[in-house]
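**Q** coords please:
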Amino acid sequence: MFIATSFLLAVALSTQTGVEAAVQTSTAEAQSLQAEGKYQQARDLYERSLLQNPGNVDALQGMSSTSERLALDERSAGHMDDALADLVRAQKVEPDNQRVLLDLGIVEEEMGLYMDGVGTFEHLVSLKPDDPNAFYALARVDLDLGRLDAAQKEMEAYLNVRPLDASAHYGLGRIYLQGLQFEKAEQEFQRSINIQPKQSEAYYELGEVYLNENKFEDSIIQFQMTLDRSPQHGGALVGIGIAFFKLKQYEKAKDSLVKGTRAAPDYQPGHYYLGLTLARLGDAAASRQELDVATSLAAKDSQQSATRLRLFSPDGQP
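**A** Next comes the predicted model:
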């Protein structure tokens, strides 16, 4: 009996040693492929190694780094579905990898998968409760979802650590603007501009604040400041057109709105206000055409919003 037990133990140890040797060999091969820039082949080998030994540190590090590189390349090429697949694959292997979680959440947000993004960033915050980047990322997605109170608290938490970040003041301004807190929004956009004058978006959003406050001449000034920095900014061109429409200067409104719809053909308010302007100018046929485009774009936006909030259900099934 003792001899049989010893034999089985020896076989088990031999098998374990053989598996570990195979893992080390495949991991070394993967590292060589990664060094040669063959990231997909390397990633596949790291993943195979982890199937045999899920705790291998070198394979885990290689899996995450190659997946991040593949996702970055896919994202740069505009292949967002492939980038998402690369990062989901890495996150399933190592659910708490913080760099993978950050990259995954960013891709989810860019794809409009806001509920997935919230879940990813909330998990990241739970792992790194003192990391300001996690709060900043979560605030952006909460803003996308219209969860303004949560977004405000998260962005303020970030700014407590990094008060001179122009983009964060811009983000907080957008939160206030969406919540119709125009005075606070104006203050934040102005802070963003004071920190980083060479930009365009804070000027544009400041124009939106003034437009909402019926300060049409002031809004035109800010939209023009935007165009000075970004001449084909569709939102600013449309904003000027809307301001002129409100001022009943319909020819000027038409000129700017035509330019705006050309620069940003999928921006629904441009077609809507161009339709209204053309009606005021007596061109009923062209007005109806623009209003029909505006209606179609509004329906499209609504459908995309309803279908792209989440890719995965809570139990992880597509």
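
**Q** Run through the residues that contact residue 132.
**A** Applying Cβ atoms under 8 Å, 6 or more residues apart in numbering to residue 132 gives the contacts 157-158, 161-162. Placement of C-beta: from N, CA and C, glycine included.

**Q** go with 10 Å
**A** Going by Cβ atoms under 10 Å, 6 or more residues apart in numbering, residue 132 touches 154, 157-162, 165, 168.

**Q** what does residue 127 give?
**A** Shown in contact with residue 127 (Cβ under 10 Å, 6+ apart): 95-98, 101, 134.

**Q** how about a cut-off of 8 Å?
**A** Each residue near residue 127 by Cβ under 8 Å, 6+ apart is listed here: 96, 98, 101.

**Q** hmm, back to that, can I get the contacts of residue 132 in a markdown table including neighbour count?
**A** Listed next are the contacts of residue 132 as a markdown table, based on neighbours: other Cβ atoms under 10 Å:
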| residue | neighbour count |
| --- | --- |
| 154 | 27 |
| 157 | 17 |
| 158 | 24 |
| 159 | 21 |
| 160 | 10 |
| 161 | 14 |
| 162 | 12 |
| 165 | 19 |
| 168 | 25 |
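
**Q** By neighbour count, which of the contacts of residue 127 wins?
**A** The residue in these with the most neighbours, by other Cβ atoms under 10 Å, is residue 101 (24 neighbours).

**Q** how close does it get to residue 137?
**A** 9 Å (Cβ to Cβ, to the nearest Å).

**Q** residues shared between the contacts of those two?
**A** Listed as contacting both residue 101 and residue 137 by Cβ under 8 Å, 6+ apart are 121, 124.

**Q** Residue 271 touches residue 288, doesn't it?
**A** No: between residue 271 and residue 288 there is no contact under Cβ atoms under 8 Å: 11.4 Å.

**Q** what's the pLDDT at residue 57?
**A** For residue 57, the model assigns a pLDDT of 89.

**Q** Ok, residue 18 next?
**A** Here, the pLDDT recorded for residue 18 equals 61.

**Q** again, but for the one 4 residues further on
**A** pLDDT for residue 22: 75.

**Q** element containing it?
**A** Per DSSP states H and E, residue 22 falls inside helix 2-35.

**Q** That helix: what's the following helix or strand?
**A** Assigned by DSSP H and E, the successor of helix 2-35 is helix 39-52.

**Q** For stretch 294-304, list every residue counted as buried.
**A** 294, 297 (16 or more other Cβ atoms under 10 Å).

**Q** wait, I meant stretch 242-254
**A** Going by neighbour count (16+ other Cβ under 10 Å), the buried part of stretch 242-254 is 242-245, 249-250, 252-254.

**Q** contacts for that stretch?
**A** 211, 214, 216-217, 219-220, 223, 241, 256-257, 269, 273-274, 276-278, 280-281.
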